[in-house]
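Engineer: sequence and predicted structure are below.
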Amino acid sequence: MSSEFLNFILALTIILIVAKASGYLSVRLGQPSVLGELLAGILLGPTLVDILHRWLIFREDIHLSEEISLLAEIGVILLMMLAGLELNLSDLLRSGKVAAFAGTLGVILPLAMGAGVALLFGLPMNSAIFIGLTLSATSVSISAQTLLELDLLRTRVGLALLGAAVFDDVLVILALSIATIMVTNSGGFDSILITIARMVGYLVGATAVGILVLPRLAALIERLPISQGLIAFSLVSCLLFAWSAEVIGGMAAITGAFLLGLFLGRLPFREEIEQGIITLAYGFFVPIFFVNIGLAVDMRAMSGNIWVLAVVITAVAIFSKIVGCGLGARLAGFSNLEAFQLGVGMVSRGEVGLIVATFALAEGLISQEAFSVVVFMVIAATLVTPPMLRAAFAIKPKEPETAKV
């Protein structure tokens, strides 16, 4: 075997052992295991140990980091598919009003406050707009995992949170398209219409396939003598839905995986599919996804005023998301406690924010230092979400508000 492959499997072994050990310690300390797995990434990453760049056995392998990142991407796709499998489509649709209000205000307020703070620190308008956009994008995968561990994903708050994340994703992609056109003076109103048409076309097409085609194919494959045919079919469908969401719909791949989970959750084979995917996801891919978040950040590279800006931006990111989403949920009829819990659940940032920041960096719209600030904000917001969410749901309502629907 090649040395690259041997390095690859040794790195994965270390990542899985440290991730599972950290997750176990986290649970023993009364926190969700996802928090421990995230901290495992900080431990192994450039901030502390930096196994991929300092350890002699790995540092000559220039593709190792990229290979681990690809496995991590599959991990987050499977994670969102499982979140969809846990839910009932009709239950999710009933949360539409809350999801729309919370998702919309949860984009507008972080965008405005993030851009305003960036301007106060002397950043140019273009950079300020894109930093505001990175604050707008929620990554619900961390919250979904935490709520799954707490057995709260199917509550009113859990359902509204997932629905709001879909609105959030759509609005941020639209805002990114509009901001790009305004800042770069490229395209025009036609480009915005094309972006909207792609999203609508994908959602309509995916729904038609999910409701009309998927059940018949699954029933056919379940009857055929194929080893683990139903699991293989689910995985292939998940990858196709994720791929088409980004390539055809212009949306995040995780949105496609989440939709696929919703459609598979309507089938009579839901439990069989779920058990098969859970083993694969939590035994291998999902821990790599959580650890890889920490592997991507180097907090030692930040210094001076950049730290001040990073801390302020992170505080604004957390505050604006809780207030924006919470206010939207309250206006749509949630109680104060439910609105607060929903806002806390939307704090986590992730892949969409990093996509926006990476695009802005590549286009020269933000500096390398501003990019580091965004990465710090994403990591910090992701780390604080699990314990905050757990604490928010530990608050007892005066009347039962989180009964399962």
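Structural biologist: It's in. Residues are numbered from 1 along each chain as shown.
Engineer: how many neighbours does His53 have?
Structural biologist: Counted by other C-beta atoms under 10 Å, the residues lying close to His53 total 14. C-beta here means a position set from N, CA and C on the backbone, and glycine is covered the same way.
Engineer: which SS class is the most centrally placed residue in the chain?
Structural biologist: Centroid-nearest residue in the chain, with C-alpha atoms, centre = their mean: Ser139, separated by 2.9 Å. Local secondary structure at Ser139 is given as coil here, using DSSP: H, G, I helix; E, B strand; the rest coil.
Engineer: for it, give me phi and psi.
Structural biologist: Per-residue torsions, Ser139: phi -120, psi 100 (degrees, to the nearest 10).
Engineer: surely it and Val356 touch.
Structural biologist: No. Ser139 is beyond contact range of Val356, at 11.6 Å (criterion: C-beta atoms under 8 Å).
Engineer: and Thr155, what are its phi and psi?
Structural biologist: Main-chain torsions, Thr155, degrees, to the nearest 10: phi -80, psi 170.
Engineer: which pLDDT value belongs to it?
Structural biologist: The per-residue pLDDT reported for Thr155 equals 84.
Engineer: swap in Phe189?
Structural biologist: Phe189 carries a pLDDT value of 67.
Engineer: tell me the buried residues in stretch 74-88?
Structural biologist: Neighbour-count burial for stretch 74-88, counted by 16 or more other C-beta atoms under 10 Å, picks out 74-87.
Engineer: dump those to JSON lines, plus pLDDT, distance to Asp298 and secondary structure.
Structural biologist: Formatted as JSON lines, the buried residues of stretch 74-88 follow (pLDDT from 0 to 100; distance: C-beta to C-beta, whole Å; DSSP: H, G, I helix; E, B strand; the rest coil):
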{"residue": "Ile74", "pLDDT": "93", "distance to Asp298": "24", "secondary structure": "helix"}
{"residue": "Gly75", "pLDDT": "90", "distance to Asp298": "22", "secondary structure": "helix"}
{"residue": "Val76", "pLDDT": "83", "distance to Asp298": "21", "secondary structure": "helix"}
{"residue": "Ile77", "pLDDT": "88", "distance to Asp298": "26", "secondary structure": "helix"}
{"residue": "Leu78", "pLDDT": "91", "distance to Asp298": "27", "secondary structure": "helix"}
{"residue": "Leu79", "pLDDT": "83", "distance to Asp298": "25", "secondary structure": "helix"}
{"residue": "Met80", "pLDDT": "79", "distance to Asp298": "27", "secondary structure": "helix"}
{"residue": "Met81", "pLDDT": "88", "distance to Asp298": "31", "secondary structure": "helix"}
{"residue": "Leu82", "pLDDT": "85", "distance to Asp298": "31", "secondary structure": "helix"}
{"residue": "Ala83", "pLDDT": "75", "distance to Asp298": "30", "secondary structure": "helix"}
{"residue": "Gly84", "pLDDT": "79", "distance to Asp298": "34", "secondary structure": "helix"}
{"residue": "Leu85", "pLDDT": "84", "distance to Asp298": "36", "secondary structure": "helix"}
{"residue": "Glu86", "pLDDT": "73", "distance to Asp298": "35", "secondary structure": "coil"}
{"residue": "Leu87", "pLDDT": "69", "distance to Asp298": "37", "secondary structure": "coil"}
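Engineer: biggest separation within the residues you listed, which pair?
Structural biologist: The most widely separated members of the buried residues of stretch 74-88, counting by C-beta to C-beta, are Ile74 and Leu87 (21.1 Å).
Engineer: phi first, then psi, for the residue sitting furthest away from the middle of the chain.
Structural biologist: Ranking residues of the chain by C-alpha distance from their mean position (C-alpha atoms, centre = their mean) puts Pro225 at the top, at 36.4 Å. When read as degrees, to the nearest 10, the backbone of Pro225 gives phi -80, psi 70.
Engineer: just Arg154 next, same as before
Structural biologist: Per degrees, to the nearest 10, the backbone of Arg154 is at phi -90, psi 20.
Engineer: low-confidence ranges in the stretch 301-405 of the chain?
Structural biologist: Scanning the stretch 301-405 of the chain with the threshold set as pLDDT under 70 gives 350-352, 354-355, 358-359, 362, 398-405.
Engineer: quick one: Arg251 is in a strand?
Structural biologist: Residue 251: Met, not Arg. No. Secondary structure of Met251 (three-state DSSP): coil, not part of a strand.
Engineer: residues contacting the residue lying closest to it once chain neighbours are set aside?
Structural biologist: Counting by C-beta to C-beta, 6 or more residues apart in numbering, Met251 lies nearest to Ala245, which is 4.8 Å off, once chain neighbours are set aside. Shown in contact with Ala245 (C-beta atoms under 8 Å, 6 or more residues apart in numbering): 202, 206, 251-257, 259.
Engineer: kindly report the same for Ala339.
Structural biologist: Residues in contact with Ala339 (C-beta under 8 Å, 6+ apart) are 325-327, 329-330.
Engineer: tell me the one of the residues you listed nearest Gly345?
Structural biologist: The closest of the contacts of Ala339, once distances to Gly345 are taken by C-beta to C-beta, is Cys325, at 8.0 Å.
Engineer: does the nearest residue to that closest one once chain neighbours are set aside sit in a helix, a strand or a coil?
Structural biologist: Leaving aside its chain neighbours, Cys325 sits nearest to Gly106 (3.7 Å; criterion: C-beta to C-beta, 6+ apart). The three-state assignment at Gly106 reads helix, by three-state DSSP.
Engineer: re earlier: now the residue nearest to Met251: which helix or strand?
Structural biologist: In this assignment (DSSP states H and E), Ala245 forms part of helix 229-247.
Engineer: and the next helix or strand past that helix?
Structural biologist: Using DSSP H and E, the helix or strand that follows helix 229-247 in sequence is helix 253-264.
Engineer: neighbour-wise, which one of the contacts of Ala339 leads?
Structural biologist: Cys325 (35 neighbours).
Engineer: what are the buried residues along the helix or strand hosting that residue?
Structural biologist: Using DSSP H and E, the element containing Cys325 is helix 305-331. Using 16+ other C-beta under 10 Å as the test for burial, helix 305-331 gives 306, 309-310, 312-314, 316-318, 320-330.
Engineer: roughly how far is that helix from the heart of the chain?
Structural biologist: 17 Å (C-alpha atoms, centre = their mean, to the nearest Å).
Engineer: which strands and helices lie in contact with that helix?
Structural biologist: In terms of contacts (3 or more C-beta pairs under 8 Å, 6 or more residues apart in numbering; DSSP states H and E), helix 305-331 is packed against helix 96-120, helix 125-136, helix 156-184, helix 336-345, helix 368-394.
Engineer: right, I'll leave it there.
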